[in-house]
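Asks: missing the sequence, but the structure's below:
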Ligand SMILES: Nc1ncnc2c1ncn2[C@@H]1O[C@H](COP(=O)(O)OP(=O)(O)O)[C@@H](O)[C@H]1O
Ligand SMILES: Nc1ncnc2c1ncn2[C@@H]1O[C@H](COP(=O)(O)OP(=O)(O)O)[C@@H](O)[C@H]1O
């Protein structure tokens, strides 16, 4: 599992590459939290174009970051989910709190 | 595992696609023997460009066909082995009785 | 009911074995020629149950997780067992959003995911003895 | 010697499980970050031993094949066991080209392949009780 970052104005883009499960979740969580602490972004976008697997442990990671960002008045979006991941996102009700976009450009514009 | 055939003059080209182990060996053996019976080729060439795995059960299949073809005065060649398969071919001493070629054209010319 | 194929896998309750376990079940189920979507459904359900065994069953202590997998006609049956802590109230545990470990950022959606992706999910558990989750999925082919 | 990770796989002696078994061992060994070449060596060695259990051990009767896999430091240890017929003369069985089943077009090269691809191969066998093949391979990094 790899995590990389990109900043665009006040938005932090978090690229997830690999498989996000309970095993990789602590590494992913720590990487993201360090970056948020360092860059203090308003909004965050999860770029999932290279995420090949995610289960409900991954949903826990996303909700955790969402709570922090939302409590500071920021917004969270997700882009480029593969079908399996989109289904987990829908089943777990993430859809109601975090919008999904087809690509980064629309996400940054519409967030 | 898939087996397909091509004939070029008196040479039967046998294309192996998939994994040749003990499980697939009976299917591969039967397909080849039926084709040899139908076409009565002088020589045969195994095209291994799409063979992804082979163990010593595959060596047994090749030697079996070699014995039949050689007993009728024909020749056998192998083309396009992947590295793992080339090593099995060398370890099992097939090198001494069946020549290997880089491609079909050279094999047909040089056999 | 004739069992067409069967395997049993036992492994240490280490989190790095979560991806190993789901790949093994997927490789075994492959003999039923599932679609890519069906394979990722099984993988996800197995990942949920194995993760639960490691986190909730053994609470990160070392133990063995066992997976029994059977193919019967066009159905795959997966049984995932731990000899850990057990579940006190199974009905409550199955509820969406319920988690006993919110401090670990668990979403409480594990059982809901298993139930959505598999045709059948049942749970057998005894406090102090352990838990078995039994899941079934049929592949209907015309 | 601390065992870093361990798994045990049991499956029916059906030939379709040969590819399943070698994939499982490869997936487990993946945690040592082997090269593609090392992975195909392990897969081939496992395929040989599992095939022998099915053909020679159980002689195509139904039985269970067991694989135990351990990671200790940078070494993978694989034990493949059948409770079949057993080997009368282990030394003879190991010889290149020796096969007791030439009518099945066996090449007699199975043990030679295992020995070439693994660092260590030992065989424990008792007539009428079964056979265990123990193989080890270390991954040396720079
Ligand atoms: N194998 C298990 N052993 C003990 N308790 C379990 C086990 N599996 C699930 N549980 C209990 O059921 C609850 C709900 O599980 P689940 O829906 O997967 O959500 P989560 O894993 O996010 O908590 C867990 O929080 C835990 O209390
Ligand atoms: N698991 C086993 N049970 C009984 N006999 C075995 C077993 N494995 C190997 N043998 C014996 O050892 C011989 C040599 O094995 P091997 O080198 O793999 O060649 P092959 O499988 O081509 O015969 C076999 O022919 C068989 O007689």
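Replies: Sure thing, it's come through. Computed from a prediction, not measured in an experiment: that's the story for all the values here. Ligands and ions are numbered 1, 2, ... in the order given.
Asks: Let me see the contact set for the closest residue to ligand 2 within chain C.
Replies: When scored by Cβ to the nearest ligand atom, chain C has residue C:7 as its residue closest to ligand 2, at 18.7 Å. Heads up, the C-betas are built off the backbone N, CA and C, glycines and all. Taking Cβ atoms under 8 Å, 6 or more residues apart in numbering or on different chains, we find residue C:7 in contact with C:28, C:68-69, D:9-12, D:17, D:20.
Asks: Scan those residues and report the most crowded one.
Replies: Using other Cβ atoms under 10 Å in any protein chain shown as the neighbour test, these are led by residue C:28, with 26 neighbours.
Asks: Where does that residue sit: helix, strand or coil?
Replies: helix (DSSP: H, G, I helix; E, B strand; the rest coil).
Asks: May I ask which helix or strand encompasses the residue lying closest to residue C:118 once chain neighbours are set aside?
Replies: Counting by Cβ to Cβ, 6 or more residues apart in numbering or on different chains, residue C:118 lies nearest to residue C:135, which is 4.3 Å off, once chain neighbours are set aside. Using DSSP states H and E, residue C:135 maps to strand C:130-138.
Asks: re the thing from before, and the residue nearest to residue C:118, bridged to which residues?
Replies: Bridge pairing for residue C:135 (DSSP bridges) gives the partners residue C:78, residue C:121.
Asks: Check it and give its pLDDT.
Replies: Predicted confidence (pLDDT) for residue C:135: 98.
Asks: contacting residues around it?
Replies: Residues near residue C:135 by Cβ under 8 Å, 6+ apart: C:45-46, C:49, C:77-80, C:114, C:118, C:120-121.
Asks: Make a ChimeraX selection of whichever of those residues turn out to be buried.
Replies: Buried subset of the contacts of residue C:135, written as a ChimeraX selection, criterion 16 or more other Cβ atoms under 10 Å in any protein chain shown:
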select /C:45,46,49,77,78,79,80,114,118,121
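Asks: Which single one of the contacts of residue C:135 is nearest to residue B:77?
Replies: residue C:46 (45.5 Å; Cβ to Cβ).
Asks: Surely the closest one touches residue C:22?
Replies: Yes. If you go by Cβ atoms under 8 Å, residue C:46 and residue C:22 touch, sitting 4.6 Å apart.
Asks: Please enumerate the strands of chain A.
Replies: A:2-8, A:11-20, A:43-54, A:76-79, A:100-101 (DSSP state E).
Asks: So which residue is smack in the middle of chain A?
Replies: residue A:46 (2.9 Å; Cα atoms, centre = their mean).
Asks: ok, that residue - contacts?
Replies: Counting by Cβ under 8 Å, 6+ apart, residue A:46 has contacts A:14, A:16, A:62, A:76-79.
Asks: would you turn the strands of chain A into JSON lines with distance to residue B:83 and mean pLDDT?
Replies: Listed next are the strands of chain A as JSON lines, based on distance: least, Cβ to Cβ, whole Å; pLDDT from 0 to 100:
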{"stretch": "strand A:2-8", "distance to residue B:83": "28", "mean pLDDT": "96"}
{"stretch": "strand A:11-20", "distance to residue B:83": "27", "mean pLDDT": "97"}
{"stretch": "strand A:43-54", "distance to residue B:83": "27", "mean pLDDT": "97"}
{"stretch": "strand A:76-79", "distance to residue B:83": "39", "mean pLDDT": "97"}
{"stretch": "strand A:100-101", "distance to residue B:83": "43", "mean pLDDT": "96"}
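Asks: Quickly note the distance from residue A:41 to residue A:75.
Replies: Using Cβ to Cβ, to the nearest Å, we find residue A:41 at a distance of 10 Å from residue A:75.
Asks: In terms of neighbours, single out the busier of these two.
Replies: Relative neighbour count places residue A:41 above the other of residue A:41 and residue A:75, with 21 against 17, counting by other Cβ under 10 Å.
Asks: what about the longest helix along chain A, average pLDDT?
Replies: Scanning chain A for the longest helix, with DSSP state H as the assignment, gives helix A:22-39. The average pLDDT within helix A:22-39 is 97.
Asks: how distant is it from the center of its chain?
Replies: Averaging C-alpha positions (Cα atoms, centre = their mean, to the nearest Å) puts helix A:22-39 11 Å from its chain's average.
Asks: all strands of chain C, in order?
Replies: According to DSSP E, the strands that chain C contains are C:5-12, C:64-72, C:75-82, C:120-126, C:130-138.
Asks: List the contacts of residue C:128.
Replies: Counted by Cβ under 8 Å, 6+ apart, residue C:128 has contacts C:85-86.
Asks: Show me which positions of the longest helix of chain A end up buried.
Replies: So for helix A:22-39, counting by 16+ other Cβ under 10 Å, buried means A:22-25, A:28-29, A:31-32, A:35-36.
Asks: try stretch C:87-96
Replies: By neighbour count on 16+ other Cβ under 10 Å, the buried set for stretch C:87-96 is C:87, C:93-94.
Asks: one step back: show me which of the contacts of residue A:46 is closest to residue C:101.
Replies: Using Cβ to Cβ, the shortest approach to residue C:101 within these belongs to residue A:62, at 17.0 Å.
Asks: quick one: contacts for the closest one?
Replies: A:46, A:76, A:78, A:94, A:98.
Asks: Can I get those residues in CSV including distance to residue B:107?
Replies: Formatted as CSV, these follow (distance: Cβ to Cβ, whole Å):
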residue, distance to residue B:107
A:46, 52
A:76, 60
A:78, 53
A:94, 57
A:98, 58
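Asks: Any of those buried? List them.
Replies: The buried subset of these (16+ other Cβ under 10 Å) comprises A:46, A:76, A:78, A:94, A:98.
Asks: Just the pLDDT for the last one.
Replies: It stands for residue A:98. 97.
Asks: Next one: residue A:9, what pLDDT does it get?
Replies: pLDDT, residue A:9: 88.
Asks: What count of nearby residues applies to it?
Replies: Going by other Cβ under 10 Å, the residues that sit close to residue A:9 add up to 9.
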